[in-house]
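*Asks:* Build me a structure from this.
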Amino acid sequence: QVQLVESGGGLVQPGGSLNLSCAASGFSLNDYTIGWLRQAPGKKREAVSCISKSDESEDFVDSVKGRFTVSRDNAKGTVYLQMNSLKPDDTAVYYCAIGPFCTFRTRSYGSWGPGTQVIVSS
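*Replies:* Below you'll find the predicted structure:
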């Protein structure tokens, strides 16, 4: 059974950091592109980052460029999203999901995890 589970969310002050993890089971992580997506209260889901299966290229939405990094450890079956210089606008539920390739089109992603809550507030 294909499954993704996110962890690492929490409450952090503006300017702080969090490292989210996405643990994969039921499939070989290195065969798939993984995206990180988020949904803030009252807003649509948006893709914020992705890391491809092949050359491990990555991409970020403009609002998080320079602050977020993404990496994967295929041996551990885990993808990470390191979030630095967090802002209140980053408050959202963060999800990881499987994609056909690196894209910011949220509908391209499937097998979403249950999500982990990130709250950036003083």
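
*Asks:* quick one: the helix or strand bottoming out on mean pLDDT in the chain to chain centroid distance?
*Replies:* The weakest-scoring helix or strand in the chain, judged by mean pLDDT, DSSP states H and E, is strand 58-60 (a mean of 90). Here the centre of strand 58-60 is set off from its chain's centre by 11 Å, with CA atoms, centre = their mean, to the nearest Å.

*Asks:* Give me the contact list for that strand.
*Replies:* Contact partners of strand 58-60, identified using CB atoms under 8 Å, 6 or more residues apart in numbering, comprise Val48, Ser49, Cys50, Ile51, Ser52, Phe68, Val70, Cys102, Phe104. Any C-beta I mention is one placed from the backbone N, CA and C, and that applies to glycine too.

*Asks:* again with stretch 110-118
*Replies:* With contacts defined as CB under 8 Å, 6+ apart, stretch 110-118 is touched by 2-10, 12, 18, 20, 22, 37-39, 83, 86, 90-99.

*Asks:* Now restrict those to buried residues only.
*Replies:* In the contacts of stretch 110-118, burial by neighbour count holds for 4, 6, 8-9, 12, 18, 20, 22, 37-38, 83, 86, 90-99, counting by 16 or more other CB atoms under 10 Å.

*Asks:* among the residues you listed, which are in strands?
*Replies:* 4, 6, 12, 18, 20, 22, 37-38, 83, 92-99 (DSSP state E).

*Asks:* and Asn84, how many residues sit next to it?
*Replies:* Residue crowding around Asn84 was assessed by other CB atoms under 10 Å; the count is 14.
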